[in-house]
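Enquirer: 3D, please:
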Amino acid sequence: MRKKSVWVLVVIIATVVLAGFFVYPGNLVANSIPWRLGLDLVGGSALVYEVDLSNINAEDQADAVSGLKEVIERRINIYGVSEPRVALVKKGDSYQLLVELAGVNVEDAARQIGETPVLDFREVVQDGVEITYVPTELTGRNLKRAGLGFDNLTNTAIVLLEFDDEGTSMFADITARNVGKPLAVFLDGAPLTAPVVQQAITGGSAQITGGGAGFAADEAKLLVERFNAGALSAPIKLINQRKVSASAAEDSLNQIILAGLIGTAAVLVFMIIFYRSLGVFAGLALSMYIVLTLALFKLIPNFTMTLAGIAGFVLSIGMAVDANILIFERTREELRAGHSRGEATNEGFKRAWPSIRDSNTTTIITSTILYALTSSFVRGFALTLGLGVVVSMFSAIFITRTMLRAFTKV
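Expert: Numbers count the residues shown, from 1 in each chain. You can find the predicted model right below:
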């Protein structure tokens, strides 16, 4: 048992060392996946837009706001904004778009973001290898709505378009002179799709099949949202803007890191004073826990570290120590009862586990609810706290016990 624990401990230490290189910036391993930091850590602007849905039917509102969100993300990417974050929040019967732009001055981008998406249809003229897109008078204002359908013969998704009376007439003329040619659709000046016209369409309804292979359902749904974003009149209004200077963000980051280091050091000193050699093992396990948890955060796709997230992580450090305290107190009780150190250690872990499991489970449940039902910085706090608690259970039960078994005769 002891020999096996030694080898397991070697693997754990090697993993922690690699995770340390991955977490600490300034080396090739860490630079492979850089940290994503929120605007409260690097500075930037937070913009809140209110979506005007007064002219949109209730059944079309969800598609309209989803399409708007996607359009805004495209506009931000054009500006080259670093690590943007766009979130959609429903408040009662209305929707708000939250845009966080870290590390840049975004006055010009904010004005561009606030414009209503523009959808237009263009004829494709090809002269040799040169392709020209000729704008027509048919635009998103002539499109009543786009919808998702399915072709029963091919069992593939299709995009259904419905035009108003003016659009029906224009679309009929355009398709009549472009039979066998592609008809391009642009959103915000960027090409959206270019289906080939099979025949003149005079009824005001059209469908896009996606060519020979057809559309996948998700692909067609995204195209529908983009069509509706440009077709439905859903303007957005900037209702709040918050700026964080880079120097203030850096000061906040330095302060919370310093506070975390002081708190962790104080905890380690407390554990060593009260639990002596056991406290040393707990300190080593806690250090490993910190490195492994930070590596986990960095591996999560699109995870952005914020001040609230760091606060949740620091809180989870205290809970990780709490698990060790329960284990060590149970171990002490077994030693006072006359058991050997190895027997006391095993029994201490067994007796402490139900309390650790139940207390941490309640915290995980609370974190899950906070993450699911809230937004913005609260979700960051809930995510780091919840994941931190999960890893702390692994650290307290597995890493600490492995070290004790490796250095104690069982």
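
Enquirer: Now for residue 291: which residues touch it?
Expert: 16, 19, 20, 23 (C-beta atoms under 8 Å, 6 or more residues apart in numbering). (Each C-beta comes from the backbone N, C-alpha and C, glycine too.)

Enquirer: Using the record's domain definitions, break this structure down for me.
Expert: Taking automatic domain parsing as the reference, the chain has its domains at 2-39+245-407, 43-116+236-243, 119-231.

Enquirer: Mean pLDDT for these - can I get that in a markdown table?
Expert: Shown next, in a markdown table, are the domains of the chain (pLDDT from 0 to 100):
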| stretch | mean pLDDT |
| --- | --- |
| domain 2-39+245-407 | 85 |
| domain 43-116+236-243 | 73 |
| domain 119-231 | 85 |
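
Enquirer: most distant residue from the middle of the chain?
Expert: The C-alpha centroid of the chain is most remote from residue 338, which lies 52.4 Å away (C-alpha atoms, centre = their mean).

Enquirer: Can you tell me the SS state at that residue?
Expert: What DSSP: H, G, I helix; E, B strand; the rest coil gives for residue 338 is coil.

Enquirer: and it, what are its phi and psi?
Expert: As for residue 338, its main-chain torsions (degrees, to the nearest 10) stand at phi 100, psi 10.

Enquirer: Listing partners with orientation, what would you give for the helix or strand containing residue 86?
Expert: Assigned by DSSP states H and E, residue 86 falls within strand 85-91. Note on strand 85-91: by DSSP bridges, its sheet partners are strand 94-102 (antiparallel).

Enquirer: Helices of the protein, residue ranges please.
Expert: Under the criterion DSSP state H, the chain contains helices at 2-23, 28-31, 39-42, 61-78, 107-113, 165-176, 217-231, 246-275, 277-299, 307-336, 341-373, 377-394, 400-407.

Enquirer: elements contacting the fourth one?
Expert: When contacts are defined as 3 or more C-beta pairs under 8 Å, 6 or more residues apart in numbering; DSSP states H and E, helix 61-78 packs onto strand 44-51, strand 85-91, strand 94-102, helix 107-113, helix 217-231.

Enquirer: do the first one as well
Expert: Counting contacts by 3+ C-beta pairs under 8 Å, 6+ apart, the secondary-structure elements packed against helix 2-23 are helix 28-31, helix 277-299, helix 400-407.

Enquirer: Of all those helices, which one is nearest residue 383?
Expert: Across these, residue 383 has its closest neighbour in helix 277-299 (8.5 Å, C-beta to C-beta).

Enquirer: Next, the angle helix 377-394 makes with the closest one.
Expert: Relative orientation of helix 277-299 versus helix 377-394 (axes from the mean of the first three to the mean of the last three C-alpha atoms, to 10 degrees): 140 degrees.

Enquirer: dump the residue contacts of residue 161.
Expert: 143, 146, 205, 206, 207, 208, 227.

Enquirer: check contacts around the fourth one.
Expert: Yep, that's residue 206 we're talking about. Neighbour list for residue 206: 160, 161, 163, 171, 175 [criterion: C-beta under 8 Å, 6+ apart].

Enquirer: Relative to residue 247, how far out is it?
Expert: Here the criterion is C-beta to C-beta, to the nearest Å. By it, residue 206 lies 55 Å from residue 247.

Enquirer: just the third one next, same as before
Expert: Separation of residue 205 from residue 247 (C-beta to C-beta): 58 Å.

Enquirer: try the fifth one
Expert: With distances taken as C-beta to C-beta, residue 207 is found 55 Å from residue 247.

Enquirer: In the strand holding residue 86, which residues have enough neighbours to count as buried?
Expert: For strand 85-91, a neighbour-count test (16 or more other C-beta atoms under 10 Å) marks 85, 86, 88 as buried.

Enquirer: Ok, stretch 214-228 next?
Expert: 214, 215, 220, 221, 222, 223, 224, 225, 226, 227, 228.

Enquirer: now that stretch, how far from the centre of its chain.
Expert: Distance, stretch centre to chain centre, for stretch 214-228: 22 Å (C-alpha atoms, centre = their mean, to the nearest Å).

Enquirer: now could you export just the CA positions of that stretch as PDB?
Expert: Extracted in PDB, the C-alpha atoms of stretch 214-228 (Å, rounded to 0.1, in the frame of the first residue of the first chain):
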ATOM      1  CA  GLY A 214     -28.700  20.500 -47.600                       C
ATOM      2  CA  PHE A 215     -28.600  22.400 -44.300                       C
ATOM      3  CA  ALA A 216     -28.000  20.800 -40.900                       C
ATOM      4  CA  ALA A 217     -30.700  21.900 -38.400                       C
ATOM      5  CA  ASP A 218     -28.300  24.100 -36.400                       C
ATOM      6  CA  GLU A 219     -26.900  25.700 -39.500                       C
ATOM      7  CA  ALA A 220     -30.400  26.600 -40.800                       C
ATOM      8  CA  LYS A 221     -31.500  27.900 -37.500                       C
ATOM      9  CA  LEU A 222     -28.500  30.200 -37.300                       C
ATOM     10  CA  LEU A 223     -29.200  31.500 -40.800                       C
ATOM     11  CA  VAL A 224     -32.900  32.100 -39.800                       C
ATOM     12  CA  GLU A 225     -31.800  34.200 -36.800                       C
ATOM     13  CA  ARG A 226     -29.500  36.300 -39.100                       C
ATOM     14  CA  PHE A 227     -32.200  36.900 -41.600                       C
ATOM     15  CA  ASN A 228     -34.600  37.900 -38.800                       C
END
